Each structure stands twice: as structure tokens, then as C-alpha cells.
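**Q** after the sequence you'll find the predicted model.
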2 protein chains.
Amino acid sequence: MSYERAVPTYCQGDHTFNVPMSLFANNRQNLCERLQKVEELPKNSVVLLQGGSQVSQDSTDRDLTFRQESYFQWCFGVSEADCYGVINVSTGKATLFIPKLPEAYRVWMGEIHPPSHFQAKYAIDDVKFIEQIPDALKEMKTGTLLTLRGVNTDSGLTTKEAAFDGISEFNVNNMILHKNISECRVIKTDLELQVLRYVNRVSSEAHKEVMRRVRPGWMEYQAESLFQHHVYTHGGCRHVAYTCIGATGDHCAILHYGHGGAPNDRKILDGDMCLFDMGGEYYCYASDITCSYPVNGKFTDDQKAIYNAVLKANRAVQKALKPGVSWVDMHLLADRVQLEELKRIGIIHGDVEEMMKVRLGALFMPHGLGHFMGHDVHDVGGYPEGGPARRSEAGLKSLRTARTMEAGMVLTIEPGIYFNWTVIEEALQNPEWSKFINEQEIRRFQNFGGVRIEDNVAVTEDGMEMLTCVPRDIEEIEALMAEGRRAPAPPTGTLLPSDKQ
Amino acid sequence: MSYERAVPTYCQGDHTFNVPMSLFANNRQNLCERLQKVEELPKNSVVLLQGGSQVSQDSTDRDLTFRQESYFQWCFGVSEADCYGVINVSTGKATLFIPKLPEAYRVWMGEIHPPSHFQAKYAIDDVKFIEQIPDALKEMKTGTLLTLRGVNTDSGLTTKEAAFDGISEFNVNNMILHKNISECRVIKTDLELQVLRYVNRVSSEAHKEVMRRVRPGWMEYQAESLFQHHVYTHGGCRHVAYTCIGATGDHCAILHYGHGGAPNDRKILDGDMCLFDMGGEYYCYASDITCSYPVNGKFTDDQKAIYNAVLKANRAVQKALKPGVSWVDMHLLADRVQLEELKRIGIIHGDVEEMMKVRLGALFMPHGLGHFMGHDVHDVGGYPEGGPARRSEAGLKSLRTARTMEAGMVLTIEPGIYFNWTVIEEALQNPEWSKFINEQEIRRFQNFGGVRIEDNVAVTEDGMEMLTCVPRDIEEIEALMAEGRRAPAPPTGTLLPSDKQ
Ligand SMILES: [Mn+2]
Ligand SMILES: [Mn+2]
């Protein structure tokens, strides 16, 4: 067990990354230092967080495979459900509170470990039982409990505020913690960057394996399945960071394809583009990578043209990204490059400045250029109080942050060009947009779908660091896919009842 | 798309099973016929069910991959979230109510289909929007709405009763539906059995693939990953029916190993037993199969002895199972066979009748012999009103049903022998049990873990049908594992940062 080593770490076997528990001690210290500077901080403040709960499938006893709540994970790195944690803001001392398990647990669920086990496993100052929370808080002379209450600006959902039997005996303040801990999460530490590099590498390798093996005739979900298997078995990622988007053909234009109502269930045809947006998650650190390429391994001229337009936008942003630039400007830069390229290809015509004014870019890229990434694939802190507000213009309104870049921020750069035909049909009816569109040219792309090129990057002191490591140039992609096509095809077959076993 | 065929079906590509939508029409008809016989049925009763809701990971916008709620699925077979359905009990006419989607849906989630699309896809009599529920109910002269309210006897959780804006205008009765629909779900139709056969075959093949490929040095979760990949890519199973139990070594004694607190993260050592309890789920139909074998492919004498004891119990139950027998008696039969064998092996001694009286069997098999299986891996209907009550004795109290067998019931048969050492240490202190135990002999099994052999079966008119198709005899298992060991080993490697890419 990893926690029996000299330095307590999380890992999933020798072939996976060792995450030292000091990562979380470091996070807690950063949080305390930030809180200590808060003017209105009550005396003897203690942070109180409630961990994620084990959830069932509807009313059944089928437990969904547990994944820790992200704020709790960021503070404590604890994999078990139904815990609490507190941090004394003045001293930084952290205490984990675990449930007292019934005797039957050891038959059904495993050994019942004492608090000392978790203290060593997670390198936490102290571990007690949940029923001891009130006494422990009194013992540490708690003045005010800082609880987590705030709205996630992507989902609109409110965090679940901690509560325990006896909390009414304490002063509770829920106005301070959320904004400060979210702000801490925005700037990744060096230790966090190491994990994000690792999970990006794991997910990159899985994307490369899919590139090598995918063929016309596959079902989209077979790419999803292979990706998930690869990040789990080679990278120790039990979860993916989000439901895999295994879009092909005209499905590539559906930005969040892959959900229950559109579950990657199309057969991939020769000539189709693939848009595979998939990312593994290691110890609750996300990756979020999109690769776009033709299923048969050879780009057509049209596919090359659109792909290279998106790639040019991606690289322009990479080049411009550094502390001090506005993320909105990065979005506009990508838009501008893509419009210029679409004009060069002949799909649109006219003055690019005019196109920018009417936000024509959003016709082809309706989503935002990218988002923060960390414990959550769409990480928190995009729109803090006092920061730049959400814009209202098409495309820009979908940005998950409008902030000025700072070193330590981790984001996705994911420009894209999509041909969503019902949307384009409408645009052709809108004189403000249709005047720019070459209707005959664009009709050739009716079933094209789209291209997205999504990398994960960290902002550095003087630029950015690329975390993703997949082939991006067309020649590199075609070479890797050709390599995969020289390998023997994996066995196929059916498990249908008509078969011989 | 499958629903464009003459017969609307669900499938996941040509290599997967075609489920005709008549399966659900048939289920609805069975429900209506049953309800029509209910004496206290109010006039003009209409069944109202609310489908499962899309759920997020905590407060984030990360959607958990949707899986339909099982009662709703049993009635309608609808894969989309956030729907309602009603069935007119007198006429059998079914209406599906779908959410009206915002315009932005087609950019982010996919095409917005009209009601006629779902009517054809699911072969439902009528499809309307959710906002039309009150008017539609009035139009069909609804006397009373039958809503679903009842306790799941495995989880203790209550079903989520349907509610919609305007329900207060209607009479609602929540006392009738749950017991009757649960009873319908207990007896599987021929169409349902076909799907259960298919998903068992898919999961059996995946188990066989794991047997061929597993090696000492693997992490337990690599078996989980391979299993999940196999059922998805070859069988179209996006979900597994429950979190995979990838237990090895002494973890085999932990009955529900694999959860968040014990996530299949042990390295498998040469000589270890594997206990892999894994089942795919196809279109919300479960399978639940356990295979136990030594990771190195060769049983030791001790491993053979325990394995064959469990296999003998499994086969004794198979032979005895038929309509009219009590499931409690089947459990006791398995217990008796296992005790006789443990006595023969020399681990225990004394009179088996005396052992049965003190429930010594529960020391080695603390769980129930098996459970209903269908849409839920632990399917509903185990303890209906007026049926045999839950027993209080050790082992028997864990049975998920105590019912008398009927044709059409689908169950698991899963005897097991486990050496949970903390439990055995206690038993050695308990004179009522310790007098039967040969302490020196049992100590040899301290790190053995355990063996479970779990098959899925359907009760037929005169016996049972085996749905599972994995090797069970030791010679068959060793032959299959030897075959896998002759194949070239898959490439290994690490994705750690120190590696060359
Ligand atoms: Mn993204
Ligand atoms: Mn089972």
C-alpha cells in the first residue's frame, strides 16, 4: 500500500504516477494564507467541508462508483465517501472526520481501519470520527465555521453546504470560503501541474492508440471503449473526466455529443471525419483533449483545409497566450484566424473586420475558446466577483471565463469549425450573415460535421506550457494512422445468439 | 437508425442484439392485465411514471452518463432523460411525454426531434410534450393516477413518485402500482429472457477474455478495465450492471470489494486466487457473473478443494431448482453441501446437522445464495406483501428473497466459501462454532481469500435454464488459461514522466 512508504502518496501501481500527499497540505496552506488576509475574517475561523456522499442508482442498492467532491478533494485528497474535514485557519492544522462503520462492513466492504490508518494514508494532522466533530471544534476553540456556499458559474448549481448534528451551537459564515477557495483552485501549484502533465500524457497516449486502430465500420462507441480501457489499464484512470464525445460524420457538429440521448451509437463510414473529445481523470485531476481526423487515415483536400484553419487558430492562441492577456481577446483571435482561413478557402467572402462586428465567427464556433481545467474538467473560478463579467455577444457568451491570464492557470485551447446544417440554413436566411457566405461553396460541407483541436496548457511566467502530446500536423497524424494500419487487425466477431460459441 | 426499420428495435450495431420494442408493449400489457384484476382499482385508472433525471457530479456541469430508471425503462424502453409516461389501464394505450428542448440544444446536444420521431423509435401509441400532461390526462378522462411509491427491500430507499405541474387537479393513488408492477417485473417474458441470454453471453465472453489474459503482476483494476472494454466494444454494453469486483488474494473474502474505499487497486501476486464478479448491462438488462481461479492458471490442491466444494454446492442447487421449491431451502442446500465438503477437506469436523442448527454455514458464506436479476442486478420483488418474510438467522437474513420459485423468475446462484480472517478469529473464540473448527487446518487458509461461483439462471416449467456460459470445471478453466498463455503477451510499458515518449 502506498501509504506505508516513507512519503505518503497516491498511486495505482508502479506504472502510474505517485502523487505525494504534500500536494494537499500545500493546497491547505495556500488557502489558509489567503484567508488570513481577508479583512472581514472572523476570529478563530475554522474551514468546514463536507465530502461527497455515496449515491445510489435511483431507489436501488446499486452504488454508483464513488468520485470525491472536488473542493473536498482539493483540500484533503481523500478517496472515501461520507467524510468531513476541518482546517484551522490560524494554525493550518487539518482534521479529517470519518464515519464509524458498522461491524458488518468488514464482511461486505473490507477491513475497518482505525483513524491512525487514514492519518498515515493521507498525512493529515488528525483523524477522528464524525460524531466527534462538535467536541473537536470546541477543543480547537472555534470562533466561526467557514462553510462552502456558492454558485458554480457553469452549471448554475449551488454547492452543498456542510452540516452535521450540533452545528447550530456554532457561528457559521458561508460568505467567505467559496470565493477564496475557488480562487486558490484557479492557480495550480507545481505539484498539481505534475499530475496534470501525467494525466494529459496518459490521455494523449490513449488518443494515439485510438488513431492507430479506428477503422471505417467501427461503431463510435468502440473508440470510446478503447480510450477508456487505455487510460484505465495503462494510466490508472478509473474515471474519465467527462462522458466521451465519440462524434463522427455530421455528428462532429454537435458540441456535447455522446450523452444519453446521443450515445456514440453511429456506425463510422469511410470518408467520415472523427471528432474524439475524450479525457482521462487521475486522482480527480482532469484532462480534456480533442483530436479530429478522417477515419480512413487520409485527409481529403476539404478536410485538410478546414483542419489547418483550426490548427492555425489553435497555434495563434498558443503563441499569444501569456500573463496579462485577456481570454476574451484569445477567443477573438481564434475567431479572426478562422474567418480569415474560411475566406481563403472560399466558404465566406468580404471584410473580416465586418464579420467580426456581426460575430460571424460564432456561426462556425458557437462555443467558447476554452475553459479552466483542474479537478473539474470545467474548473471553478471563471467569473469571480469583481472580475470581468460574462459577455453577451454570440460565442463570447459561451466563454466559461473572461479573465486576464495569470501564471499557474490551466486552460484548454479548443478552437473549432463546425457545419451545423440547421444553424447554417438559418444563417442563410439572415441577411446580416448571409451576405458573407458563399452558398454554393458551403453546401459542399453539409455533411462534413466539424473539426475541433483541443489542447491543455498551463500559463507560465512568460508564455505557456503545452501539456498535451498528440500529433497535430496532418503529416504526423497520417503517419501514425498508417503505422496502425500496418499492424494486424484485431479479431472481430459477434456475440449474437446465432453464432457458434 | 434502428427505428427506421420495419420493426422498431434497439441495437448497438450489427454485431449486437436487436431488442424489439414489442418487448415493452408486452410488459405494459401484462401490467394492465394484472391491474385490471385488482379489486380496489379506481375507475379510469391511468399509470403515471416519471423517468430518471439527468444528474450532475456535485455542483458542477459535468453530467453523469445517464442510465434510465428501471421501472420507467421496463415500461417504455426510453433512453432519454427527463421524460414521463402514462398508460391507460383499461385500453393499454401508452403516451410518452418528452421535454420541450431549448433552441440551443441542437448546437450543444444534437438534433431536436419532433414527437413523431420518438413515437416511431419506441413504438409508443402517442408522444407529446411534458407541458401537455394535464390536458392529455383530462382528454383520456383520467379518474385516478396510479403513481409509484414503494420501498426497495434491498436498499430501503423509496421510489421517486411522479409529480408534474398541475398534478393537484387529479386524484392520485400511490398504494396500488408499486406492488403490482414489481410483481410483473419478477416474472420475465420470453422477449426479456432473450435479452438476458444475450447479455449473459457477452459477459461470459468478457470473463473468458480476462481468464486468458490476466497474469501475476497485473493490478486488479486492469482486469476490471479489460472486462468493461470487452462488454462494451463487443457487446454494446455502455454500462456495467454494478461496480466490478476485481478481488484477489485475501481481498476475495470481501464480498462487495471494488467500491471507492477499496477500488481494485492491489497488485496480483503469483499464487493468488482471483474472484472476479463482473457483469455487463445491455439496454438496462443486467448480468452478474463471478469466476474464481488462480491468477497463474494452475490450481493448487487447496485451491482445488475449496473450488470444488463451492462448485458442488452450485450444481446441487442447479439440480434442485424448479417451480415450487423455496429459495431459503436452496440456500440451506448450498450451505449443507459446502459444510459436508469442508468437513471432508478437514477444515471442520463434527455432525453436519448440528452445524446447520448453529448456522455454521454463514461463517463461510455470510451472504445469501442469490437474488432476482433483471433491470436491476438486485431486482425488485424479493419480499412482497403476504410473501415469505425475511429470516433472521445468520446468512439467511442476507437473502434478497425468501420466495417460492416460479417459472420465469431469473436469479443468480452464487454459493461461496470465504476465509475472512477477522471473522474466523472471532468464531474461534465462540465455543458454539469453535468446537467444529480444526484450528490448525483452517490457519492454512488465512490468506486464501475465497471462492464464489455465480451463474445466472431462469426458472423454467420443470427446472431451470443456464444463462451463463463460462468454463466451470477446473480442467476447462486451466485449459482456457493455458490457451491464453500461449498467445503473445500484450505490450506493456509505463506512461510515467521519466519515460521516453
Ligand atoms: Mn473542453
Ligand atoms: Mn450477485
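**A** Received, thanks. Ligands and ions are numbered 1, 2, ... in the order given.
**Q** hmm, the longest helix anywhere in chain A in reach of ligand 1?
**A** Counting residues, the longest helix found in chain A (DSSP state H) is helix A:190-213. No - Helix A:190-213 lies out of reach of ligand 1 by Cβ under 5 Å from the ion, never closer than 12.1 Å. For glycine as for every other residue, the C-beta is placed from the backbone atoms N, C-alpha and C.
**Q** if you count neighbours, what's buried in that helix?
**A** Burial within helix A:190-213, assessed by neighbour count using 16 or more other Cβ atoms under 10 Å in any protein chain shown, is assigned to A:191-213.
**Q** near chain B, list only the ones from those.
**A** A:194, A:197-198, A:201-202, A:205 (Cβ under 8 Å from any Cβ of the partner chain).
**Q** how far does the longest helix of chain A sit from its chain's centre?
**A** Averaged C-alpha coordinates place helix A:190-213 at 13 Å from its chain's average position (Cα atoms, centre = their mean, to the nearest Å).
**Q** now the helix or strand that comes right after that helix against helix A:190-213, angle please.
**A** Later in the chain than helix A:190-213, the nearest helix or strand by DSSP states H and E is helix A:220-235. The directions of helix A:220-235 and helix A:190-213 differ by 130 degrees, with axes from the mean of the first three to the mean of the last three Cα atoms, to 10 degrees as the criterion.
**Q** tell me the mean pLDDT over helix A:220-235?
**A** The average of the pLDDT scores along helix A:220-235 is 97.
**Q** which helices and strands does it pack with?
**A** Packed against helix A:220-235 by the contact rule (3 or more Cβ pairs under 8 Å, 6 or more residues apart in numbering or on different chains; DSSP states H and E) you find helix A:190-213, strand A:239-240, strand A:245-248, strand A:273-278, strand A:280-282, helix B:220-235.
**Q** Serialize these to a markdown table and add fields for distance to residue B:417.
**A** Below are the helices and strands packed on helix A:220-235 laid out as a markdown table (distance: least, Cβ to Cβ, whole Å):
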| stretch | distance to residue B:417 |
| --- | --- |
| helix A:190-213 | 39 |
| strand A:239-240 | 33 |
| strand A:245-248 | 43 |
| strand A:273-278 | 42 |
| strand A:280-282 | 37 |
| helix B:220-235 | 20 |
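**Q** nearest to residue B:117 among the ones you listed would be which one?
**A** When those are compared by Cβ to Cβ, strand A:245-248 sits nearest residue B:117, at 19.6 Å.
**Q** strands paired with that closest one, and their directions?
**A** Using DSSP bridges, strand A:245-248 pairs in its sheet with strand A:273-278 (antiparallel).
**Q** circling back: from the ones next to chain B among the buried residues of helix A:190-213, pick the one nearest ligand 2.
**A** Of all those, residue A:202 has the smallest distance to ligand 2: 32.2 Å, by Cβ to the ion.
**Q** contacting residues for the closest one?
**A** If you count contacts by Cβ atoms under 8 Å, 6 or more residues apart in numbering or on different chains, residue A:202 has them with A:231, A:234-237, A:280, A:282, A:287, B:495.
**Q** go back to those and keep what's next to ligand 1.
**A** Residues of those in contact with ligand 1 (Cβ under 5 Å from the ion): none.
**Q** looking at those residues, which is nearest residue A:47?
**A** Closest to residue A:47, out of all of the contacts of residue A:202 and judged by Cβ to Cβ, is residue A:282, at 25.5 Å.
**Q** who's that closest one bridged to?
**A** According to DSSP bridges, the residues that bridge with residue A:282 are residue A:285.
**Q** how near is it to residue A:377?
**A** Note on residue A:282: its distance to residue A:377, by Cβ to Cβ, to the nearest Å, is 13 Å.
**Q** likewise for residue A:40?
**A** Where residue A:377 is concerned, residue A:40 sits at a distance of 33 Å (Cβ to Cβ).
**Q** quick one: low-confidence residue ranges for chain A.
**A** A:1-6, A:489-501 (pLDDT under 70).
**Q** who touches the nearest residue to residue A:231 once chain neighbours are set aside in this structure?
**A** Closest residue to residue A:231 apart from its sequence neighbours, by Cβ to Cβ, 6 or more residues apart in numbering or on different chains: residue A:280 at 3.3 Å. By Cβ under 8 Å, 6+ apart, the contact set of residue A:280 is A:199, A:202-203, A:206, A:231-232, A:235, A:237, A:239-241, A:287.
**Q** now the stretch 151-300 of chain A against ligand 1: closest residue?
**A** residue A:288 (4.2 Å).
**Q** residue A:122: which of the contacts of residue A:202 is nearest?
**A** Residue A:122 lies nearest to residue A:282 out of those, by Cβ to Cβ, at 16.9 Å.
**Q** near ligand 1 at all, stretch A:360-370?
**A** No - if you take Cβ under 5 Å from the ion as the test, stretch A:360-370 misses ligand 1, and the best it gets is 6.6 Å.
**Q** that stretch near chain B anywhere?
**A** Yes - interface with chain B: stretch A:360-370 contributes A:366-367 (Cβ under 8 Å from any Cβ).
**Q** just stretch A:33-53 next, same as before
**A** Yes - Stretch A:33-53 lies within reach of chain B by Cβ under 8 Å from any Cβ, at residue A:52.
**Q** reformat the contacts of residue A:202 as a markdown table; add distance to residue A:399.
**A** Shown next, in a markdown table, are the contacts of residue A:202 (distance: Cβ to Cβ, whole Å):
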| residue | distance to residue A:399 |
| --- | --- |
| A:231 | 28 |
| A:234 | 34 |
| A:235 | 30 |
| A:236 | 33 |
| A:237 | 28 |
| A:280 | 25 |
| A:282 | 27 |
| A:287 | 20 |
| B:495 | 32 |
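**Q** what about burial for these, which qualify?
**A** Restricting the contacts of residue A:202 to buried positions leaves A:231, A:234-237, A:280, A:282, A:287, B:495, with burial counted as 16+ other Cβ under 10 Å.
**Q** tabulate those residues (a markdown table), appending distance to ligand 2.
**A** Shown next, in a markdown table, are the buried ones among the contacts of residue A:202 (distance: Cβ to the ion, whole Å):
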| residue | distance to ligand 2 |
| --- | --- |
| A:231 | 28 |
| A:234 | 30 |
| A:235 | 30 |
| A:236 | 27 |
| A:237 | 27 |
| A:280 | 29 |
| A:282 | 30 |
| A:287 | 34 |
| B:495 | 34 |
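**Q** residue numbers of chain A in contact with ligand 1?
**A** Near ligand 1, when you scan chain A using Cβ under 5 Å from the ion, you find A:288, A:412.
**Q** do that again at 8 Å, thanks
**A** By Cβ under 8 Å from the ion, the residues of chain A that approach ligand 1 are A:277, A:279, A:288, A:290, A:370-371, A:373, A:377-378, A:412, A:414, A:454.
**Q** for the stretch 51-200 of chain A, which segments count as strands?
**A** Taking DSSP state E, counting those that start in this stretch as the test, the strands found in the stretch 51-200 of chain A are A:84-88, A:94-98, A:126-129, A:144-146, A:171-173.
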